[in-house]
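Asker: Next input, structure requested:
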Amino acid sequence: MKLRLNWVLSALFTLMLTAATFAADATLLKPPRGAAVAIVMFADLQCADCSKAYPAIWEVATAHKIPVVLHDFPLPMHNWAFDAAVWARYFDKTSADMGNDFRKFIYANQNQITRDNLPQWAQKFAAENKAVAPSDKDPDGKLADLVKADYLLGQRIGVEHTPTIWVVSNSGVSEPLVEDARASEKLGRMIEDMLGKAQPVAAAKVNSPAKAAVRKKISSKNPKKTG
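Answerer: This is a model prediction of the structure:
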């Protein structure tokens, strides 16, 4: 409980500090190396709109053959979102696909999950996927630090709500979709527009040597639809 309270207070303080210090600058977001265009989503695993948008972004990304970059943005008002994000990072260590599937699993069962029973849901997911879910998923706090780093990145570029979704290319960034559960209705048009503006990938490597300082999570197989 003390750790959770410290995280909430720290997040609120940082939010106020960030708002005063940084202007929104989504140009920090870049597609992964080798991709001209990508979908970037800042999400909260306890967010109802995120649970609707998550399968939609994978469907559109698969249709357009572009990667998805996921960032954790657990809102302080949600009492189990941060721990769920840490669990997702734990399963990411096995594979990006397993981490993405865990997120899909949590969104599909979101209405039944509480702070107290979240570990049991992680155990259920692990059992169904022949994995292990230890009682201490993050003994050295490194996974929590990764979640916090994503949260701070979101604050720096002006994220305030979830989901916040961009289509990014090697030549620019779209306007964001914010709290839009019907993302697939707009994302297709945004992707086509950004694909039309993107530089060829080979040229982009020469002209844009700087690397994006963001975490990249790309599924190497077609994601399953949420049931």
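
Asker: Can you list the low-confidence ranges for the protein?
Answerer: 1-24, 181-183, 202-227 (pLDDT under 70).

Asker: ranges for the helices of it?
Answerer: 2-21, 48-64, 81-92, 96-108, 118-128, 142-156, 184-197, 201-207 (DSSP state H).

Asker: Out of the ones you listed, flag the one nearest A36.
Answerer: helix 201-207 (5.2 Å; CB to CB). No exception for glycine: its C-beta is placed from N, CA and C like everyone else's.

Asker: Can you give me the distance of the nearest residue to F42 once chain neighbours are set aside to L153?
Answerer: Ranked by CB to CB, 6 or more residues apart in numbering and with sequence neighbours excluded, the top spatial neighbour of F42 is F73, at 4.2 Å. The spacing between F73 and L153, counted by CB to CB, to the nearest Å, is 9 Å.

Asker: The two: who's more crowded?
Answerer: Remark: of F73 and L153, F73 carries more neighbours, 27 against 19, as counted by other CB atoms under 10 Å.

Asker: And that one, how far from I191?
Answerer: 22 Å.

Asker: returning to what we had before: out of the helices of the chain, which comes closest to S171?
Answerer: helix 184-197 (5.4 Å).

Asker: buried stuff in that closest one?
Answerer: If you call a residue buried by 16 or more other CB atoms under 10 Å, then helix 184-197 has these buried ones: S184, K186, L187, M190, I191, M194.

Asker: Run through the neighbouring helices and strands of it.
Answerer: Helix 184-197 sits against strand 37-43, helix 48-64, strand 164-169, strand 177-178, with contacts defined as 3 or more CB pairs under 8 Å, 6 or more residues apart in numbering; DSSP states H and E.

Asker: State the pair within the buried residues of helix 184-197 that is farthest apart.
Answerer: S184 and M194 (15.6 Å).

Asker: D25 contacts I157, doesn't it?
Answerer: Yes. Assessed by CB atoms under 8 Å, D25 is found in contact with I157 at 5.6 Å.

Asker: More neighbours: the two, which one.
Answerer: It is I157, of D25 and I157, that has more neighbours when counted by other CB under 10 Å, with 23 against 11.

Asker: That one touches A26, doesn't it?
Answerer: Yes. Taking contacts as CB under 8 Å, I157 lies within contact range of A26: 5.0 Å.

Asker: And the helices and strands packed on helix 184-197: which comes nearest V147?
Answerer: Taking the helices and strands packed on helix 184-197 one by one with CB to CB, strand 37-43 is closest: 11.7 Å.

Asker: could I have that closest one exported to CSV, CA atoms only?
Answerer: Presented in CSV, the C-alpha positions along strand 37-43 are these (Å, rounded to 0.1, in the frame of the first residue of the first chain):
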residue,chain,number,x,y,z
VAL,A,37,5.2,4.2,-40.5
ALA,A,38,3.9,2.8,-37.1
ILE,A,39,1.0,3.2,-34.7
VAL,A,40,2.0,4.5,-31.3
MET,A,41,-0.4,3.9,-28.4
PHE,A,42,-0.2,5.2,-24.8
ALA,A,43,-2.5,3.0,-22.7
